[in-house]
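**Q** just a sequence and a predicted model for now, questions to come.
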Amino acid sequence: MSRYLLLALVSLCTAGAPVVGAQVVSQQVIVNGSPGDMPLQMLPGNRQAKTGTGGLKGRIVSADTGQPIRRAQVRITGSDVGLKSALTDGNGRFEFKELPAGRISLNVSKAGFVNMQYGQHRPFEPGRPIELAEAQVLDKVDVSLPRGSVIGGRVVDEFGEPVTDAIVSAMRMQFMNGRRRLVNAGRTSQTNDLGQFRIYGLPPGEYFVSASYRGVESMVMDMMGGAGGPQGSNSNSGYAPTYYPGTPSPAEAQRVSVAVGQELNGIDVSLQPVRLARVAGSVVGSDGHAVSGAMIMLMPAERDATMFMPGGTSRTNASGQFTLQGVAPGEYSLQVRSGGPMMMEAGGGAMFFSVNTSRDSSAPQAQTQEPEFASVGVNVTGDDLNGLVVVTTHGAKATGRLVFDGGAKPDGLTQIRVLAPSADQDGPAPGAGVGQVKENGTFELSGLAGTRLIRPAGLPRGWAVKAVRVNGADVTDTGYEFKPGDDVSGVEIDLTQSTTSINGSVTDIQGHALKDYTVVVFAADPAKWTLPQTRWTSSARPDQEGHFKVQNLPAGSYYAVAVDYVASGEWQDPEWLQRATQRAAQFTLEPGGTKALDLKMGAS
């Protein structure tokens, strides 16, 4: 989930515009996007964290001096504990008590240091899980925090004058959502009155520095202001998102390298002036009438870099008209939603929110009937775009049921949700609703358009997806193309308790057992590597005893390779996987089968 969107929600709340709904539609979220962060297990609403007789004790120290770090925040997360935190004492020590048996992840953060996970030794590397047995107390769960690197500089305009309140990010190249993109690698910074910024807590590595002048406040004011009414004398010249040293193109950006704990200053970004455009039009509903109070967002395409900030936001007036001012050149998706919360899928995540910004009963109100939406591609080149007519639709509806392999139903069916993420890997898409499973195992999804995957979330322990079918056709990996106005029945999600498991260990060439490595398991068929949100590839890090585990992969033919180090997400790149086949072990995973693997590091 984007921190920008979180800030937008906070800004809207503090402005007196209550947030009607805000929900993360995922069982795992990243809190602040920093490289050392871990997926947080979010327990369902009516499920309580378990207690047990286990415990964790450890010490947090500085990697360069070995001195204890006081008041470091230690967080643990797991499927049965949710999220718990503790602060280290004056000796850098922490403790968690009454822990249940199970797999736990641990993360540590402290200002001035790099966020690190237990078992992480290199930048952008996932940490290692802790397998805790019943009544087991581990007392040496220690983590060393390296000093964080800093990138500092100034953001100036074309006249060399400082730009205040520009948002500056350190980005790194990563394979994400089927494409190599620039993604935010850590914290962001906002320039002060001198145009100065300072991005801290970075792991050592290579970064691309980007600066954008359009901030959250502008987005919020646009949303609150709505369409129509008085207009200010705004210049038609502005600034595109700019990469160091001064280019709007990620391909022409210059890399910046920082070592451990290095403070690199003088990274000055000169914003590139561009001609800003006005995008205006009207929204018409499926009944042919103007749609008032609809939310409008102009979302950037994500072909080269993930950009969470909208290029413009507004609402339609009583006549269904909207105006977006100050739009920088680029490719966008114009997203429209009337009534109900706006849900967006961007950067591999999804969230939705709605705001009620009206303080006057005579102001345009969002329609109360079933929400409609639309998504239109817009290419802005600097010239004004007027007279756009956007026609909304209810989208398709899908009804279905859960099918249980063997006939036995698990408890807690109503805690399962059904999601329909977009299979489009090139950019943001209007989100579909979330279907709540009923006691009888049925569900309904609405507002569907385009090719969508069908995925359950919040499955009970020990259950996994076997297949997803629409009227008997298997759409598990390809998704189903929904056309507006269609009512699709016969959606079946086949769940099974006959799940697969791969476990094993890794040795070096001399046969010595290793405890620090990464195992990547991937389908032998390269066509499965590039499927949207593919379920045919996975990676694992060993637990504290050196054993790895991969669960719930579909049955089929696979490769498995052990490597000393691979950055997060890099192993999803088809080029990396193709190279890995040269030294990987090949095996077959039977339905419901367990496979034991003994892998060798560096095997050919």
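**A** Good, I have the coordinates.

**Q** all contacts plus neighbour counts: C-alpha atoms, from now on.
**A** Will do.

**Q** any idea what residue 108 is bridged to?
**A** Beta bridges link residue 108 to residue 74, residue 116, judged by DSSP bridges.

**Q** residue 140 in helix, strand or coil?
**A** The assignment at residue 140 comes out as coil when based on DSSP: H, G, I helix; E, B strand; the rest coil.

**Q** can you report phi and psi for it?
**A** According to degrees, to the nearest 10, the main-chain angles of residue 140 amount to phi -130, psi 50.

**Q** which residues sit in contact with it?
**A** Each residue near residue 140 by Cα atoms under 8 Å, 6 or more residues apart in numbering is listed here: 56, 57, 58, 59.

**Q** of those, buried ones?
**A** For the contacts of residue 140, a burial check counting by 16 or more other Cα atoms under 10 Å picks out 56, 58, 59.

**Q** in TSV: these, plus distance to residue 452.
**A** Listed next are these as TSV, based on distance: Cα to Cα, whole Å:
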residue	distance to residue 452
56	42
58	45
59	46
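
**Q** save these as CSV, and put in secondary structure too.
**A** As requested, these are exported to CSV (three-state DSSP):
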residue, secondary structure
56, strand
58, strand
59, strand
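
**Q** residue 589: which of those residues is nearest?
**A** Proximity of those to residue 589, judged by Cα to Cα, is greatest for residue 56, which lies at 34.7 Å.

**Q** now stretch 437-444: how far from the chain's centre is it?
**A** 27 Å (Cα atoms, centre = their mean, to the nearest Å).

**Q** end-to-end on it?
**A** Using Cα to Cα, to the nearest Å, the end-to-end distance of stretch 437-444 comes out at 8 Å.

**Q** then stretch 459-473?
**A** Span of stretch 459-473 from end to end, Cα to Cα: 23 Å.

**Q** so for it, mean pLDDT?
**A** Within the predicted structure, the mean pLDDT of stretch 459-473 is 92.

**Q** what stretches of the stretch 301-450 of the chain score poorly on pLDDT?
**A** Counting by pLDDT under 70, the stretch 301-450 of the chain shows low-confidence ranges at 302-310, 340-369, 425-433.

**Q** now do 80
**A** Within the stretch 301-450 of the chain, the set of residues satisfying pLDDT under 80 comprises 301-311, 339-370, 407, 424-433.

**Q** now do the strands in the stretch 451-600 of the chain.
**A** Shown for the stretch 451-600 of the chain, the strands assigned by DSSP state E, counting those that start in this stretch span residues 455-457, 464-470, 473-474, 480-482, 487-496, 501-507, 518-523, 537-540, 548-551, 556-563, 585-589, 594-600.

**Q** scratch that, the stretch 201-350 of the chain is what I was asking about
**A** Using DSSP E, counting those that start in this stretch, the strands assigned to the stretch 201-350 of the chain run over residues 205-212, 237-239, 242-243, 256-258, 263-264, 269-270, 273-275, 277-284, 295-300, 312-315, 321-327, 330-338, 342-346, 349-355.

**Q** okay, those in JSON lines with mean neighbour count next?
**A** Rendered in JSON lines, the data for those read as follows (neighbours: other Cα atoms under 10 Å):
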{"stretch": "strand 205-212", "mean neighbour count": "22"}
{"stretch": "strand 237-239", "mean neighbour count": "19"}
{"stretch": "strand 242-243", "mean neighbour count": "26"}
{"stretch": "strand 256-258", "mean neighbour count": "16"}
{"stretch": "strand 263-264", "mean neighbour count": "16"}
{"stretch": "strand 269-270", "mean neighbour count": "23"}
{"stretch": "strand 273-275", "mean neighbour count": "17"}
{"stretch": "strand 277-284", "mean neighbour count": "20"}
{"stretch": "strand 295-300", "mean neighbour count": "25"}
{"stretch": "strand 312-315", "mean neighbour count": "27"}
{"stretch": "strand 321-327", "mean neighbour count": "24"}
{"stretch": "strand 330-338", "mean neighbour count": "23"}
{"stretch": "strand 342-346", "mean neighbour count": "23"}
{"stretch": "strand 349-355", "mean neighbour count": "19"}
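
**Q** so what does the biggest strand by length in the chain touch, helix or strand wise?
**A** Counting residues, the longest strand found in the chain (DSSP state E) is strand 179-190. Using 3 or more Cα pairs under 8 Å, 6 or more residues apart in numbering; DSSP states H and E, the elements in contact with strand 179-190 are strand 167-176, strand 196-202.
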